[in-house]
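>>> mind folding the following:
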Amino acid sequence: MISILILTLNEVGNLPHCMKTVSWSDDVHVLDSYSTDGTIELAKELGGQVWFRKFDSFSQQQNWALENIPFKYPWVFYFDADERVTPKLQASMLAAVANPGDNVAFRIQRRDFLRDTWLEHVQMTAFYERLFRPEKMRYERLGHCVSKPDGPVATIEGYLDHYPFSKGWADWVKRHNFYSDQEAQQIVANRGDAKDIRWGALISPVDNKERRVTIKEIYYRMPGRPVLKFLTMYVAKRGFLDGMAGFYYSVMIAFYELMIVLKTDELNRGPEKGPGA
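Presented below is the predicted three-dimensional model:
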């Protein structure tokens, strides 16, 4: 069997749908960041064990969970309240842990939805290491953190469905305003540490995660990123084939990129003082 880890903050609308897709597990843990909307009570009502920690970053939150929560089973599946486990993924995960071999983690493919439309073209269906041995997994980086498994990793079939707009547009903007703060801080920190680009990772046949990190480091040094992001998603990746959902998503991600650019510039220059200051 598999233990479940869910991170929450005011997820009363998402939690029932999320937990329903992992009802096959009898060891569900919810790490909450002091919700005020009834999430805590609902999580307990749905059979989850609730833990508390003030949120500072995803990597710190996840590492704390792996180090402090007494999971019942040797394998942990981590996902967010706005994600759903498909039946195919459930079957694949149970089969994987029954015969894991030397693997310490398994990659899972995620697909994003907007207004019940699968963003098949505009959004890359990336793989994430979500099923793992907790003692063999740690997370690094501010913003969207990077998983660091200590051992071999394999890929399993089945989708993890993601509904990032399930709480509405205003909530998405609020969350990405926070994420852009952390991304900008990480960019400035990397440059302050004179972090070199690992060019060799671009041609690595095995380390896809390190390749993504390297591509991001290169990308963050390019001019005109918001416009480039929109053209890449909507034109190059044929986001227009996803209809209006593809257009809306491309615009919102370009806006998110603009926030990162502006905040990075602000951190480098310092706040505007005005005339005579």
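>>> how about the closest residue to K167 other than its chain neighbours, secondary structure?
In space, and not counting its chain neighbours, K167 is closest to G13: 6.3 Å by CB to CB, 6 or more residues apart in numbering. For glycine as for every other residue, the C-beta is placed from the backbone atoms N, C-alpha and C. Per DSSP: H, G, I helix; E, B strand; the rest coil, the secondary structure class of G13 is coil.
>>> mind checking pLDDT for G13?
With respect to pLDDT, G13 scores 96.
>>> look up how far D37 lies from it.
Here the criterion is CB to CB, to the nearest Å. By it, G13 lies 8 Å from D37.
>>> so between those two, which is more surrounded?
More neighbours surround G13 than the other of G13 and D37, with 18 against 13 (other CB atoms under 10 Å).
>>> ok, that one to F127 distance?
Counting by CB to CB, the gap from G13 to F127 is 27 Å.
>>> got it, and T21?
From T21 over to F127 (counting by CB to CB), the distance is 19 Å.
>>> distance between the ends of stretch 40-55?
Terminal residues of stretch 40-55 lie 15 Å apart, using CA to CA, to the nearest Å.
>>> same check, this time on stretch 43-52
12 Å.
>>> need the mean per-residue confidence for that stretch.
Rounded mean pLDDT across stretch 43-52 is 98.
>>> which positions in that stretch come out as buried?
Using 16 or more other CB atoms under 10 Å as the test for burial, stretch 43-52 gives 43, 48-50.
>>> got it, and stretch 109-122?
110-114, 117, 119-122.
>>> cool, and stretch 34-44?
Buried residues in stretch 34-44, counted by 16+ other CB under 10 Å: 35, 39-40, 42-43.
>>> using CSV, lay out these together with secondary structure and distance to N63.
Compiled in CSV, the buried residues of stretch 34-44 are given as follows (DSSP: H, G, I helix; E, B strand; the rest coil; distance: CB to CB, whole Å):
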residue, secondary structure, distance to N63
S35, coil, 21
T39, helix, 22
I40, helix, 22
L42, helix, 26
A43, helix, 21
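>>> please parse this structure into its domains.
Following automatic domain parsing, one finds the domains of the chain at 3-162, 169-269.
>>> ends of the last one, what's the gap?
It refers to domain 169-269. Terminal-residue distance, domain 169-269 (CA to CA): 31 Å.
>>> and that domain, average pLDDT?
85.
>>> make 19 the starting number, not 1.
Got it, the first residue is 19 from now on, which makes the last one we talked about domain 187-287.
>>> and that domain, how far out from the chain's middle?
Offset of domain 187-287 from its chain centre (CA atoms, centre = their mean, to the nearest Å): 13 Å.
>>> excluding its backbone neighbours, what's nearest H35?
Excluding its sequence neighbours, the residue lying closest to H35 (CB to CB, 6+ apart) is R102, at 6.4 Å.
>>> give me whichever of the domains of the chain is most buried.
domain 21-180 (a mean of 18; mean count of other CB atoms under 10 Å).
>>> residues contacting T282?
202, 205-206, 238 (CB atoms under 8 Å, 6 or more residues apart in numbering).
>>> same check, this time on W93
Listed by CB under 8 Å, 6+ apart, the contact set of W93 reads 20-21, 115, 118, 149-151.
>>> do the same with C163
75-77, 80, 157.
>>> I'd say A83 and L23 touch.
Yes - using CB atoms under 8 Å, A83 makes contact with L23 at a distance of 5.6 Å.
>>> overlap in contacts of those two?
47, 49, 96.
>>> among those residues, which are in strands?
The members of the shared contacts of A83 and L23 that map onto strands under DSSP state E are 47, 49, 96.
>>> what secondary structure does V140 sit in?
coil.
>>> quick check: closest non-adjacent residue to it.
Using CB to CB, 6+ apart, the closest residue to V140 is G257 (3.1 Å).
>>> next one: V40
Nearest non-adjacent residue to V40 (CB to CB, 6+ apart): I22, at 4.9 Å.
>>> surely the one you found is within a helix?
No - assignment of I22 by three-state DSSP gives strand, placing it outside any helix.
>>> wait, isn't it in contact with S43?
Yes - using CB under 8 Å, I22 is in contact with S43, at 4.9 Å.
>>> R129 reaches Y181, doesn't it?
No - contact criterion CB under 8 Å: R129 and Y181 do not qualify, at 10.3 Å.
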